[in-house]
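[1] what follows is a predicted structure for the sequence shown.
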Amino acid sequence: MLLDGAALTAEQVRAVARDGAAVRVHPDGVTRANAAHQAVQALGATGPVYGRTTGVGANRLVAVEYESSSGPVVLGPEGSVISREVALHPPARHDAHGLRVLRSHAGGAGPLLDPISVRAMLTVRLNQLAAGGSGVEPGLLAGLEMALNHGLTPPVHAFGGIGTGDLPALAVTALCLLGEVPWRGGTMEPVPFDPADALAFISSNAGSIGEAALACADLSELLRASTVTTALAFLACDGNSEAYEAVVHLARPHPGQQTVAARLRDLLAGQALKPARIQDPYSYRAVPQVHGPALDAVVALERTLGIELNAPAENPLVDPVGNRVLHNANFHTAYLGLSLDAMRNALYQTAALSVARLSLLLEPAFTGLPPFLAAGPPGSSGLMILEYVAHSALGALRLNATPTALATAVVSRGVEEHAPFSSQAARNSLDAVASYRVVLAAELVAAVRALRMRGTPPVDGPLADAYAYAAERLSGRLDDRPLDQDVEDAAALLPALAAY
């Protein structure tokens, strides 16, 4: 996969992170990175550059590029030297400061992240560097490319980012490149790394953005599969398709609502529909109105990620064309955090409707079948436990849906007095998607079983193909038995169902 710093998508991040797709940096990305590197080296020799010639955070006014007889030089608001001591001479290298930044910031804690999430981070950071605003030397791009293609990941811990830079995760990545910290999954030769590039390399939210991209790609797929699963459940409960007619949704034309209704009409076209009620419960009647907002939220998240994945959002930003270094706050990820919060809230509503449909599938009044779709002696439990499983997953999703934007933090001696906690929003989103996958899998197991017991599979068209695909791969046993494998098998079918 060619990373050019301009066109990376969430699906492509997932392809590299989860499927192991190989990466290569576009030559234009290397050229941009080199131009920024040359510019910042020249600018750093003539004026202050945050993190390169100064300390970081509350130490931003402490110069590190000069040594004096009585300690560090202190800079004034405009970068002028305001200490009493006169700077004597510039040292030959700035290794000590850059290495201190990396070592001191590689302080994550908690469990190690799974390699998929870390590979997503590396993919995003490599693409960002190819956008050419960081000023790091181009050799670092080659190092990240090599690590990804050799299946290596740094030991990244879960806790450390608060939405203003995934500093611990990227600092330990830099130490792996330097050879100070071992990679997970193998070894590679240390990468030449000018420690003066330390802050420029770690000034990124690549970890949060990577996890958000994984969640977005997965959820987009699951929402497409959910419409197919809903249509199967609808047939098993003799639903009334009047609620999906085009004139209804033209009267209230939200984009997602119209898309879901149109998809349901396509799936149900040609089926032998025999509505059992003048109007259905909300779990069928309101599918477009509830699934639609989730679809719109994912579209909004995709739009946000389209910018974040390809943005040179470092602080400071190197502008080689204007020959400037611009100190800024593009590292603040309020857009991402708020988009993720909105997506999880919409997803909870969609999942709650799926759980309600599952309950109706287990109810004889809606299917004409025995309670819980049981087929054994009187008192058999059938799929009874799946209601509990689905509600358990829904409960977890409810917790994950809590808006992270309600939190904030004041750190670094009050200099950095706001944080969006988008790192937590991304992690919560991945967890929420996993919970939704369980909910949807339970509904699919019940819908296929109900149609099988009724002997009324869909006829013709994509819905018939989807049913045949699922029924062939899900167990046809109707006796009381453990159902964990059924749910796991159904979850594995969802990506394929999304394509019908």
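    Now that the structure is in, tell me what you want to look at.
[2] isn't L141 up against P27?
    No - counting by Cβ atoms under 8 Å, L141 sits too far from P27 to count as a contact (10.9 Å). For glycine as for every other residue, the C-beta is placed from the backbone atoms N, C-alpha and C.
[3] looking at those two, which has the bigger crowd around it?
    L141 (24 against 11; other Cβ atoms under 10 Å).
[4] ok, the more buried one - contacts?
    Listed by Cβ atoms under 8 Å, 6 or more residues apart in numbering, the contact partners of L141 are V25, G29, V30, A33, L126, L129, A130.
[5] with V355 instead?
    For V355, the contact set (Cβ under 8 Å, 6+ apart) comprises E387, A390, H391, L394, V439, E443.
[6] surely it is within a helix?
    Yes - checked against DSSP: H, G, I helix; E, B strand; the rest coil, V355 lies within a helix.
[7] quick one: H249 and G256 touch, right?
    No - counting by Cβ under 8 Å, H249 sits too far from G256 to count as a contact (10.3 Å).
[8] list the buried ones in stretch 280-289?
    Using 16 or more other Cβ atoms under 10 Å as the test for burial, stretch 280-289 gives D280, P281, S283, Y284, R285, A286, V287, P288, Q289.
[9] list phi and psi for the nearest residue to the fourth one once chain neighbours are set aside.
    So the one you mean is Y284. Ranked by Cβ to Cβ, 6 or more residues apart in numbering and with sequence neighbours excluded, the top spatial neighbour of Y284 is G239, at 4.7 Å. Backbone dihedrals for G239, given as degrees, to the nearest 10, come out at phi -70, psi 170.
[10] gap between the two ends of stretch 197-211?
    For stretch 197-211, the first and last residues are 25 Å from each other (Cα to Cα, to the nearest Å).
[11] tell me the mean pLDDT over it?
    Stretch 197-211 carries an average pLDDT of 96.
[12] where does I162 sit: helix, strand or coil?
    For I162, the reduced secondary structure class is coil; criterion used: three-state DSSP.
[13] so C216 makes contact with L301?
    Yes - counting by Cβ under 8 Å, C216 touches L301, with 5.0 Å between them.
[14] what comes up buried for the helix or strand bottoming out on mean pLDDT in the chain?
    When the helices and strands of the chain are compared on mean pLDDT, DSSP states H and E, helix 95-105 comes out lowest with a mean of 88. Burial within helix 95-105, assessed by neighbour count using 16+ other Cβ under 10 Å, is assigned to H97, G98, L99, V101, L102, R103, H105.
[15] same check on stretch 248-257?
    H249, G256, Q257.
[16] from those, which single one is nearest L170?
    Proximity of the buried residues of stretch 248-257 to L170 was ranked by Cβ to Cβ; the top entry is G256 with 35.3 Å.
[17] before we move on, back to that, count of neighbours near the residue nearest to Y284?
    The number of residues near G239, taken as other Cβ under 10 Å, comes to 30.
[18] residues shared between the contacts of C216 and L301?
    Taking Cβ under 8 Å, 6+ apart as the criterion, C216 and L301 both touch M343.
[19] those two - which one has more neighbours?
    Neighbour count, other Cβ under 10 Å: between C216 and L301, C216 has more, with 28 against 25.
[20] next helix or strand past whichever strand or helix holds that one?
    Secondary structure assignment for C216, by DSSP states H and E: helix 206-236. Of the helices and strands lying after helix 206-236 in sequence (DSSP H and E), the nearest is helix 246-250.
[21] of the contacts of V355, closest to A450?
    Each of the contacts of V355 was checked against A450 using Cβ to Cβ; the closest is E443, at 10.5 Å.
[22] and that closest one, what does it touch?
    In this structure, E443 makes contact with T229, T230, A233, S354, V355, R357, L358, L361, A390, judged by Cβ under 8 Å, 6+ apart.
[23] what do you get for A39?
    Neighbouring residues of A39 by Cβ under 8 Å, 6+ apart: G135, V318, D319, P320, N323, V325.
[24] swap in P255?
    Contacts for P255 (Cβ under 8 Å, 6+ apart) come out as G292, L295, D296, V299.
[25] kindly provide the distance from it to A261.
    11 Å (Cβ to Cβ, to the nearest Å).
[26] same question for V487.
    Distance, V487 to A261, by Cβ to Cβ: 29 Å.
[27] most neighbours, which of the contacts of P255?
    Within the contacts of P255, neighbour counts (other Cβ under 10 Å) peak at L295, which reaches 26 neighbours.
[28] name the element that one belongs to?
    Using DSSP H and E, L295 sits within helix 287-308.
[29] contacts for that helix next, please.
    Here helix 287-308 makes contact (Cβ under 8 Å, 6+ apart) with 9-10, 205, 209, 212-213, 216, 219-220, 223, 226-227, 230, 243-244, 249, 252, 254-261, 264, 282, 333, 335-336, 339-340, 342-343, 345-347, 349-350, 353.
[30] hmm, try it at 7 Å
    Around helix 287-308, the neighbours that count as contacts under Cβ atoms under 7 Å, 6 or more residues apart in numbering are 10, 209, 212-213, 216, 219-220, 223, 226-227, 230, 244, 249, 254-257, 259-261, 264, 335-336, 339-340, 342-343, 346-347, 349-350, 353.
[31] average pLDDT across it?
    Helix 287-308 shows an average pLDDT of 98 in the prediction.
[32] any idea which helix or strand comes after that helix?
    strand 317-319.
[33] starting at the chain centroid, how far to that following strand?
    On the basis of Cα atoms, centre = their mean, to the nearest Å, strand 317-319 sits 27 Å off its chain's mean C-alpha point.
[34] quick one: list the elements packing against the next helix or strand after it.
    Where DSSP H and E defines the elements, the next helix or strand beyond strand 317-319 is strand 324-326. Taking 3 or more Cβ pairs under 7 Å, 6 or more residues apart in numbering; DSSP states H and E as contact, the helices and strands that strand 324-326 lies on are strand 317-319.
[35] what average pLDDT does the strand it packs on get?
    Strand 317-319 shows a mean pLDDT of 95.
[36] quick one: buried residues of stretch 172-192?
    Across stretch 172-192, burial judged by 16+ other Cβ under 10 Å covers V172, T173, A174, L175, C176, L177, L178, V181, W183, V191.
[37] which residues touch the last one?
    The neighbours of V191, taking Cβ under 7 Å, 6+ apart as the test, are G139, L140, G143, L177.
[38] ok, it to L170 distance?
    V191 sits at a distance of 14 Å from L170 (criterion: Cβ to Cβ).
[39] ditto for the fifth one
    In this structure, C176 lies at 10 Å from L170, with Cβ to Cβ as the measure.
[40] pull the CA atoms of stretch 345-355 into PDB?
    This file holds the C-alpha atoms of stretch 345-355, laid out as PDB (Å, rounded to 0.1, in the frame of the first residue of the first chain):
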ATOM      1  CA  ASN A 345     -24.200   7.300  21.200                       C
ATOM      2  CA  ALA A 346     -25.900   6.600  17.900                       C
ATOM      3  CA  LEU A 347     -24.600   3.000  18.000                       C
ATOM      4  CA  TYR A 348     -26.100   2.400  21.400                       C
ATOM      5  CA  GLN A 349     -29.600   3.200  20.000                       C
ATOM      6  CA  THR A 350     -29.100   0.900  17.100                       C
ATOM      7  CA  ALA A 351     -27.900  -1.900  19.400                       C
ATOM      8  CA  ALA A 352     -30.900  -1.500  21.700                       C
ATOM      9  CA  LEU A 353     -33.200  -2.000  18.700                       C
ATOM     10  CA  SER A 354     -31.300  -5.200  17.800                       C
ATOM     11  CA  VAL A 355     -31.800  -6.500  21.300                       C
END
